[in-house]
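Asks: Here is my input; please provide its structure:
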Amino acid sequence: MKLLMHTCCAPCSVYCIDSLRKEEIEPTVYWYNPNIHPYMEYKARRDCLKEYTASIGVNAIFEEDYGLDEFCKNVIGDLKNRCVNYCYRVRIEQTAKYAKENGYDCFTTTLLVSPYQKHEELKKVCEEIAEKYGLKFLYRDFRVGFREGQAKAREIGLYMQKYCGCIFSEEIRYYNRNQAKPDIPMDLKTVKEEKPQVKKIENKEAYMDMLLEADPSKASIMKYLNDSDVYGLQLNDEIISLAVILHIDNKTLELKNLVTKKEYRNKGYAKRLLRHLCGNYKQKYDKMIVGTTENNIPFYVKQGFDKYEKTLKNYFIDNYDEEIKDGNLISTDMIYYAKDLKKKM
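Replies: Here you go, the predicted structure:
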């Protein structure tokens with residue numbers, strides 16, 4: 001399958017790309033959005049998508065057409081139906097045309113992820129245009145992952161637009177405070193927005209099994225646990241991520257343990273918890289340090305731990321009875337990095 005995916009913006013693409021990749025389908029992103037206005041909004045969304053697709057290794061094609069004049073000419077006579085009759089149609093038609101001319105056998109669109117779009121009408125437009133060009137329309141009701149995708153987009157710092165795209169949707173966004181809620185199918189209404197809460201843990205040893213996933217020595221954990229603050233990220237009454245913070249002196253903290261339950265990993269929860277704690281501690285402390293293995297350095301550098309402090313040679317050999325695996329490597333040295341809590345990110 002060679003799939004061309006019309007893409008309206010980076011945040012909407014997050015869940016679509018992730019879910020397609022889980023199906024072992026690798027989409028090519030196609031940017032064609034002459035309905036987005038004004039120009040600086042168009043540019044912000046386009047540039048964000050360029051950066052995001054490059055960062056995750058997705059092939060992307062950018063069809064430049066800032067079409068304010070054509071948009072106004074085509075919608076002015078029927079503003080209420082502009083989405084279906086122009087905005088959907090002009091973008092999907094161009095996507096199908098490009099797909100046909102460049103050897104793609106199917107297409108889809110990230111517009112299918114938004115509960116704010118006219119989903120069934122959009123689907124009909126796609127099916128109609130697919131038949132016209134002799135292509136397959138790959139239909140997925142991506143709306144089930146809308147909130148998940150938006151949460152991940154915020155977590156990684158993507159530009160989050162405040163309205164659909166055109167100047168009329170911007171007007172509705174800022175002036176019409178009584179908009180109807182989006183029409184979400186009944187089977188999708190059970191999908192709740194996840195809002196994890198940070199909670200201070202008092203019964204620290206009750207979470208020993210979880211802490212051992214990051215530091216496999218109970219003796220090692222007990223050396224710092226009682227003197228540390230322990231915080232958990234709670235989701236639907238379940239602690240899914242933990243951070244252990246040791247107070248070194250009146251200006252310095254050490255992150256001793258950071259762990260997320262296996263089924264919740266790679267969703268940004270540890271980063272969320274760590275960012276929350278750094279934000280709170282910066283009111284009183286200047287620096288947070290962390291000792292880590294070689295493989296985990298990139299993770300911490302991305303979280304602002306970008307100043308090398310020191311290396312404890314053979315730490316894992318001298319302090320643990322069993323070999324400590326770090327991916328495919330056997331860990332030997334403990335490497336310390338520091339984060340300036342006062343520094344603006």
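Asks: And the next helix or strand past the helix or strand bottoming out on mean pLDDT in the chain?
Replies: Counting by mean pLDDT, DSSP states H and E, the weakest-scoring helix or strand in the chain turns out to be helix 167-175, with a mean of 57. Per DSSP states H and E, the first helix or strand lying C-terminal to helix 167-175 is strand 197-200.
Asks: Walk me through which strands that following strand pairs with, and which way each runs.
Replies: When pairing is defined by DSSP bridges, strand 197-200 lines up against strand 228-235 (antiparallel).
Asks: Pull the residues that contact the strand it pairs with.
Replies: For strand 228-235, the surrounding residues in contact (Cβ atoms under 8 Å, 6 or more residues apart in numbering) are 194, 196-201, 204, 207, 239-247, 256, 260, 264, 269, 272-273, 277. To be clear about C-beta, it is placed using only N, CA and C from the backbone, and glycine gets the same treatment.
Asks: so how far is that strand off the chain centroid?
Replies: 22 Å (Cα atoms, centre = their mean, to the nearest Å).
Asks: mind listing the helices for the stretch 1-150 of the chain?
Replies: 10-22, 39-56, 68-75, 82, 89-101, 119-133, 146-155 (DSSP state H, counting those that start in this stretch).
Asks: Dihedrals phi and psi, the closest residue to Glu63 other than its chain neighbours?
Replies: Closest residue to Glu63 apart from its sequence neighbours, by Cβ to Cβ, 6 or more residues apart in numbering: Tyr32 at 4.1 Å. With angles defined as degrees, to the nearest 10, Tyr32 sits at phi -150, psi 100.
Asks: where does Tyr32 land on pLDDT?
Replies: Looking at Tyr32, its pLDDT is 94.
Asks: Relative to Arg147, how far out is it?
Replies: 26 Å (Cβ to Cβ, to the nearest Å).
Asks: got it, and Lys261?
Replies: Per Cβ to Cβ, Lys261 is found 20 Å from Arg147.
Asks: Any stretches of the stretch 201-345 of the chain with poor pLDDT?
Replies: In the predicted model, the stretch 201-345 of the chain carries pLDDT under 70 at residues 327, 344-345.
Asks: Show me the helices in it, by range?
Replies: Using DSSP H, counting those that start in this stretch, helices in the stretch 201-345 of the chain cover 208-211, 218-225, 269-281, 297-302, 315-319.
Asks: list the helices and strands the fourth one packs on?
Replies: Contacts defined by 3 or more Cβ pairs under 8 Å, 6 or more residues apart in numbering; DSSP states H and E place helix 297-302 against strand 334-340.
Asks: and the strand it packs on, how far out from the chain's middle?
Replies: Centroid separation between strand 334-340 and its chain, computed with Cα atoms, centre = their mean, is 25 Å.
Asks: CA atoms only: put it into PDB for me.
Replies: Output of strand 334-340 as PDB, limited to C-alpha atoms (Å, rounded to 0.1, in the frame of the first residue of the first chain):
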ATOM      1  CA  MET A 334      27.100   6.500  36.700                       C
ATOM      2  CA  ILE A 335      27.100   9.700  34.700                       C
ATOM      3  CA  TYR A 336      25.700  12.900  36.300                       C
ATOM      4  CA  TYR A 337      24.000  15.800  34.600                       C
ATOM      5  CA  ALA A 338      22.400  18.900  36.000                       C
ATOM      6  CA  LYS A 339      19.400  21.100  35.200                       C
ATOM      7  CA  ASP A 340      19.300  24.800  36.000                       C
END
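Asks: residues touching the residue sitting nearest the centre point of the chain, list them.
Replies: With distances taken as Cα atoms, centre = their mean, Lys152 lies nearest the centre of the chain, 2.1 Å away. Neighbour list for Lys152: Val14, Tyr15, Asp18, Lys267, Gly268 [criterion: Cβ under 8 Å, 6+ apart].
Asks: close enough to count as contact, the last one and Ala153?
Replies: No. Under the contact definition of Cβ atoms under 8 Å, Gly268 does not touch Ala153, with a separation of 10.2 Å.
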